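>>> A structural model of the following input is requested.
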Amino acid sequence: MNKNGDSIFIPRYLALSEMCYEYDEGSGFVTIVIRHDGEAYIFRIHRQHFDRVREMLSRAWGVDLRTCS
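Purely as a prediction, here's the structure:
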C-alpha cells in the first residue's frame with residue numbers, strides 16, 4: 001500500500017532489483033526496503049521469521065536478497 005492507502009503491484013523483477021534488507025542490531029528485527037517509482041516501502045519483520053522468509057524467497061525466485069548499502 002502506498003501513503004494514500006491504495007494497493008499497488010510491483011512486478012517481481014522490479015521488486016527483486018529494488019529490494020534490500022538490513023539487520024537492526026539489538027532490536028531483533030530486520031528492515032526490508034523496496035524502492036519503487038520514487039517511493040520507499042519499508043517493512044519490519046522479526047529476524048527469526050525473516051530467515052525463513054529469505055530462504056523461501058531465495059528458493060522461489062532463484063536469487064538471494066541483498067543487503068542495503
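
>>> Least confident secondary structure element in this protein?
Sorting the helices and strands of the chain by mean pLDDT, DSSP states H and E puts helix 12-18 at the bottom, at a mean of 71.

>>> how about whatever helix or strand comes next after it: buried residues?
Past helix 12-18, further along toward the C-terminus, the next helix or strand under DSSP states H and E is strand 19-24. Under the neighbour-count criterion of 16 or more other C-beta atoms under 10 Å, strand 19-24 has 19, 21 buried. (Glycine included, C-beta is placed from N, CA and C.)

>>> try stretch 43-59
Within stretch 43-59, the residues that count as buried by 16+ other C-beta under 10 Å are 45, 50, 54, 57.

>>> so where is the chain shaky, pLDDT-wise?
Residue ranges of the chain with pLDDT under 70: 1-3, 16.

>>> The nearest residue to residue 57 once chain neighbours are set aside: how many residues sit nearby?
What sits nearest to residue 57 in space, not counting adjacent residues and going by C-beta to C-beta, 6 or more residues apart in numbering, is residue 65, at 6.5 Å. Neighbouring residues of residue 65 were enumerated by other C-beta atoms under 10 Å; the total is 17.

>>> I'd say residue 65 and residue 22 touch.
No: with contacts counted by C-beta atoms under 8 Å, residue 65 stays clear of residue 22, the gap being 10.5 Å.

>>> returning to what we had before: which elements pack onto the least confident helix or strand of the chain?
strand 29-36 (3 or more C-beta pairs under 8 Å, 6 or more residues apart in numbering; DSSP states H and E).
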